[in-house]
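K.L.:
please find the sequence and the predicted model below.
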Amino acid sequence: MSDDAWAALRWTLASCASDSAGQDQEPWLAEHGDAARLFVAGDSAGANIAHSVAMKAWLPGGARIEGMALLHPFFRGKDLLPSEGADPRFAQRVERTWGFVCAGRYGTDHPLINPLAMPAEEWATLGCRRALVTVAELDTLRDRGRRYVKTLRGSAWGGEEAVLYETDGEGHVYFLENSAGATRRRRRWTPSSPSSSEARFVSL
């Protein structure tokens with residue numbers, strides 16, 4: 001799927017190019033698109049795809065990804081982190097699930113699912129100027145997102161800013177359940193209720 005996303009990004013840039021013309025060009029992007037204000041984003045597995053696309057440093061016409069937003073990225077790895085617990089069966093489930101997703105081609109420390117396994121110098125190819133990563137307190141993936149930001153800051157990445165945003169009292173991609181349609185079906189809550197949540201930027 002990251003190859004599809006990469007192809008879509010190249011098509012978007014081609015449509016934004018002032019000297020581009022052809023049947024595959026999108027007229028609205030040709031008129032309004034600005035290749036200098038390019039962002040990639042995704043939630044859960046979509047965040048993994050956004051990361052993989054940003055790792056392809058070269059873009060047509062010298063364009064660069066201005067920012068990348070990873071919302072609750074679905075990063076995993078062979079060795080469990082504290083938010084994932086210590087049950088070996090959890091690691092086994094991760095391995096089975098990932099093996100199904102990638103048809104057994106890659107292990108759980110492949111960069112597609114575990115970018116933390118990359119050497120520090122390989123982060124130099126992450127082609128975005130700024131990065132935002134969000135995590136949730138009750139999400140088993142939380143520590144993966146936190147480590148991602150810390151690793152990114154200490155790597156050879158040439159970007160300018162990497163920010164972690166953490167939400168208390170919520171689980172994985174809670175914002176999908178709490179979207180406008182879903183919120184109307186949930187019980188009313190107040191800021192003092194146990195189900196309320198707070199979010200904050202975190203300094204690592």
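P.N.:
Good, I have the coordinates.

K.L.:
surely D168 touches D139?
P.N.:
No: at 11.3 Å, D168 does not count as touching D139 under the criterion of Cβ atoms under 8 Å. Glycine gets a C-beta too; all of them are placed from N, C-alpha and C.

K.L.:
which one's more surrounded, those two?
P.N.:
For D168 and D139, the more surrounded residue by other Cβ atoms under 10 Å is D139, and the numbers stand at 23 against 12.

K.L.:
where's the more buried one relative to H51, distance?
P.N.:
From D139 over to H51 the distance is 17 Å, taken as Cβ to Cβ, to the nearest Å.

K.L.:
then A124?
P.N.:
Taken as Cβ to Cβ, the span from A124 to H51 is 15 Å.

K.L.:
ok, now C128?
P.N.:
From C128 to H51 the distance is 9 Å (Cβ to Cβ).

K.L.:
what residues are shared contacts of these two?
P.N.:
Residues touching both C128 and H51 (Cβ atoms under 8 Å, 6 or more residues apart in numbering): M68.

K.L.:
which strands border the lengthiest strand in the chain, and is each parallel or antiparallel?
P.N.:
Of all the segments of type strand in the chain, defined by DSSP state E, the longest one is strand 128-136. Using DSSP bridges, strand 128-136 pairs in its sheet with strand 65-71 (parallel), strand 161-167 (parallel).

K.L.:
can you list these in CSV and add mean pLDDT?
P.N.:
Formatted as CSV, these follow (pLDDT from 0 to 100):
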stretch, mean pLDDT
strand 65-71, 95
strand 161-167, 96
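
K.L.:
deepest-packed of these, please.
P.N.:
strand 65-71 (a mean of 21; mean count of other Cβ atoms under 10 Å).

K.L.:
buried stuff in the helix or strand following that strand?
P.N.:
For strand 65-71, the following helix or strand on the C-terminal side (DSSP states H and E) is helix 88-101. Along helix 88-101, these residues count as buried under the neighbour rule (16 or more other Cβ atoms under 10 Å): 91, 94, 98.

K.L.:
can I get stretch 77-95 in PDB, CA atoms only?
P.N.:
Extracted C-alpha coordinates of stretch 77-95, given in PDB (Å, rounded to 0.1, in the frame of the first residue of the first chain):
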ATOM      1  CA  GLY A  77       8.700  -5.000  17.000                       C
ATOM      2  CA  LYS A  78      10.100  -8.200  18.100                       C
ATOM      3  CA  ASP A  79      11.000  -7.000  21.600                       C
ATOM      4  CA  LEU A  80       8.100  -5.800  23.700                       C
ATOM      5  CA  LEU A  81       8.000  -2.300  25.200                       C
ATOM      6  CA  PRO A  82       6.400  -1.500  28.600                       C
ATOM      7  CA  SER A  83       3.100  -0.300  27.100                       C
ATOM      8  CA  GLU A  84       2.800  -3.700  25.400                       C
ATOM      9  CA  GLY A  85       3.200  -5.700  28.600                       C
ATOM     10  CA  ALA A  86       5.400  -8.800  29.000                       C
ATOM     11  CA  ASP A  87       3.200 -11.600  27.900                       C
ATOM     12  CA  PRO A  88       5.000 -13.600  25.200                       C
ATOM     13  CA  ARG A  89       1.600 -14.500  23.600                       C
ATOM     14  CA  PHE A  90       1.200 -10.800  22.800                       C
ATOM     15  CA  ALA A  91       4.400 -10.900  20.700                       C
ATOM     16  CA  GLN A  92       3.300 -14.100  19.100                       C
ATOM     17  CA  ARG A  93       0.000 -12.500  18.100                       C
ATOM     18  CA  VAL A  94       1.800  -9.500  16.600                       C
ATOM     19  CA  GLU A  95       4.100 -11.900  14.600                       C
END
